[in-house]
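Sequence isn't available, so here's the structure alone:
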């Protein structure tokens, strides 16, 4: 931290108090009996205000900026408007010591030596309250609920808005330590900080911190502060005194400065936080910055000091020639105004430097001046290390962290070797005060940079070696190495760049340039060096040859990519510049400084924070692709590019016949199709193929670059592959260019492919014509048959030679299916296939043509008559079927038909038909009996069937007489028939013949006549 004087002025009298207008544009000073109004931008005195008759001791501005108040030794308080007009005046019985506006209600508290008053614009009168001692200072809490009064007798009284005392704090020393200045912290966000501040060891690492519970109500209480370390809070005893249930305990922190030369902190409840901090001077004023992060303290030491919010001194803002009577921070800024006893008004700007360190993906930086936060830039994990002292320097390297405090250096180490571990513990403490410009930590040493000198100290604080440089050291960095033998990269103001090993007294000069070094980095292979000089130029050198490889303007910092040798980035002018090899720079907007480059992540420091920016490496990858440097492009792509970039890399490498790189890239995008192509090419290369034109032609064909592929096929002497490609693609016009010398086979193949394409796109007639011209008659016939094109089938069949049996047979088959048997018969005749012709006649039941063909060709007799007989039988023409079977020479089938006819006739009581069928059966048996082998059997069946024929013939008359009401036979005939049957029936009565009916009919017809003829006739 350093303070820069912006402007200074001097009044005639002591500056007793200062107040800023809330917007920071004006400054009100209490000097002598006047108020002085200054413009804060340039220190111009805008206007002196006269209204008081004696010295003005205090001034305060309302939070809304509409009015301010001043108090004087003339016992009066004047209310002024923002237009610098006095509008109201009221008095006390004694001199006014301090005034303060309520930040919420704008109620004004004015304090004198014997009382204090509360006034608000709504009131007609001032509410006054007596005080037991002289009130020197006052301050309202953030919410305007309570007013703290600091008294000359060393007591702090906390009152509510009505002036009632709620808490009384008795400071040690009593009246010997007057409370000269108090101020509430304007921010309530320090709650967790204060509640966890007690009893922490300075080197403990606080990883997770939680808010502790506090009492829910504020009770009236009296506290006695002894100025020692605060002990752990005991449970509070119940108190029967009246409570204000509306008072909630908030963590408002009151800073107290007394003339016992101490500064202390209290909670609203009156409990002291921590211990008193000794000042060694009499404090006259204490105030917070707007956000409460810092405290300003001035007094008899003739300077203003900057403290942390918990009272750790950070440094001096400005030294003066007399006591500092008042100091204030400009609202929401880092400007500070100081008023002195000799009338000097000084306006300073505070500049807080960034104290930090970076190693790969770990970034350590100072926070709140006394804390160190270590951030993992990849996982975003953070750990806070609370030091309770001003952090002056930070260095981080691998598992080591060094923190320089005013009186010591702390060395931390990680608990484990885990790369994601964020838990640090104290390894060593070097209890010694060091003055250095830069601090570096190694595995076993720390390096202190002091102007031109480097000192190497062990962790125990022992100086091991020292290096004296020719010029001021501007930059230093650890570049790795074994523990205890690390290398340092050092840049000097005279342009010299050196490499130093911590175990070697001799520095190695890498190179010398004409301009001073501002920033340095070395590539991962230690072969290249990047330098940013004082002219904002980035220069890259070859370390071995000392050659300047290239230079780029507008650079303020530079970093090599830790994963890629030829890539670096540099920032400057609001842009991030990425350079790969010797290619042109790729630029994009980025605010801040580049501090690291790892893979696709660039670590950028902007103001006080560092962030990891994900930068696609597409631009440098394409630069390598343009040069056909596929392996280098692949290395860049591995750092982080899009899927589209990976595919482009794969395609470019494939076209460049770098199959290894292409294979890796296609694996990334999971393109199995191209991986199969690469695999097949690799197999062919193993078999001895070396024609790159052929390989490239295959690649082009896969990519859809068919014309380029065809040219390469032709150039490599493989026109047939081009022909196949075009025909497979149905690009027949292009395919004709590759027919060569008119080879019939190739022509036929082309036409066939074209016909197949026409067939697939639902152009069947065109396909038929192409198939016919290609000689593929079978495919043409199939299409015609499937579409029912009889005329085309007939035309094809008539044009075909009779020797082409397969297509002719297929034609006949389709004609038969399409109900054109005449044309099918014509085709069979052309083929000479009489058997198929007979089968056609039989299937179409064209029996006359079949019989005529059978007469000419007896060998087909069975093929005709057998189906004919079956057809007759299926159509209930059994007698004709029996004759057909007989004519076909199928006696067995003929007999079976007659037997079936006979059985049916008997079952249906058609006995006359049964007799006829049995007679025919007997005749069939007689015919078969001509075969000597079956003679005896068949003759036996002949007599049997003859007998059955007679029986059924006779029984037919009886059955008719029984069933019908009228008979065509005479009684004598029926009687004789009955007699015949009764005498002829065998023991097993044939099926269907009833003996009962036969006997009954004989008796019914002849019984009476027998009785008339007499016994002799009977």
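Thanks, I have it. Just so we're clear, the structure is a prediction, and the values are computed from it rather than from any experiment.

Residue 388 contacts residue 312, doesn't it?
Yes. Using C-beta atoms under 8 Å, residue 388 is in contact with residue 312, at 6.1 Å. Backbone N, C-alpha and C define where each C-beta goes, glycine included.

Could you tell me which residues touch both of these two?
By C-beta atoms under 8 Å, 6 or more residues apart in numbering, residue 388 and residue 312 have these common neighbours: residue 370.

By residue count, which helix of the protein is the longest?
With secondary structure taken from DSSP state H, the chain has its longest helix at helix 935-963.

pLDDT (mean, whole number) over stretch 455-468?
For stretch 455-468, the mean pLDDT works out to 93.

which residues are contacting it?
With C-beta under 8 Å, 6+ apart as the test, stretch 455-468 has contacts from 411, 427-428, 430-432, 444-448, 452-454, 500, 502, 505, 507.

Pull the residues that contact stretch 955-964.
909, 911-912, 915, 967-969, 973-974, 977-978, 981, 992-993, 997-998, 1001.

which one is residue 768 nearest to, not counting chain neighbours?
Excluding its sequence neighbours, the residue lying closest to residue 768 (C-beta to C-beta, 6 or more residues apart in numbering) is residue 780, at 4.6 Å.

Give me the distance from stretch 14-33 to the chain's centre.
57 Å (C-alpha atoms, centre = their mean, to the nearest Å).

Report the buried residues of stretch 590-609.
Neighbour-count burial for stretch 590-609, counted by 16 or more other C-beta atoms under 10 Å, picks out 590, 592-605.

Just the contacts of stretch 455-468: which are in strands?
411, 427, 428, 430, 445, 446, 447, 448, 453, 454, 500 (DSSP state E).

quick one on the thing from earlier: count of neighbours near the residue nearest to residue 768?
Residue 780: 26 surrounding residues under other C-beta atoms under 10 Å.

and the helix or strand that contains it, what other elements does it pack with?
Using DSSP states H and E, residue 780 maps to helix 777-787. Under the contact criterion of 3 or more C-beta pairs under 8 Å, 6 or more residues apart in numbering; DSSP states H and E, helix 777-787 touches helix 744-760, helix 764-774, helix 790-799, helix 805-817.

try it again with 6 Å
On a contact count with 3 or more C-beta pairs under 6 Å, 6 or more residues apart in numbering; DSSP states H and E, helix 777-787 meets helix 764-774, helix 805-817.

Give the rounded mean pLDDT of the last one.
When you say that, I think you mean helix 805-817. 76.

would you say residue 919 is within a helix?
Yes. Judged by DSSP: H, G, I helix; E, B strand; the rest coil, residue 919 forms part of a helix.

for it, what are its contacts?
Residues counted as contacts of residue 919 (C-beta atoms under 6 Å, 6 or more residues apart in numbering) are residue 949.

Going forward, count from 34.
Noted, 34 is the first residue going forward, which turns the last one into residue 952.

Distance from stretch 1009-1026 to the middle of the chain?
105 Å.

in the host helix or strand of residue 694, what's buried?
Per DSSP H and E, residue 694 falls inside helix 692-702. By 16+ other C-beta under 10 Å, the buried positions in helix 692-702 come out as 692, 694, 695, 696, 697, 698, 699, 701.

Kindly provide the distance from residue 651 to residue 621.
Distance of residue 651 to residue 621, given as C-beta to C-beta, to the nearest Å: 11 Å.
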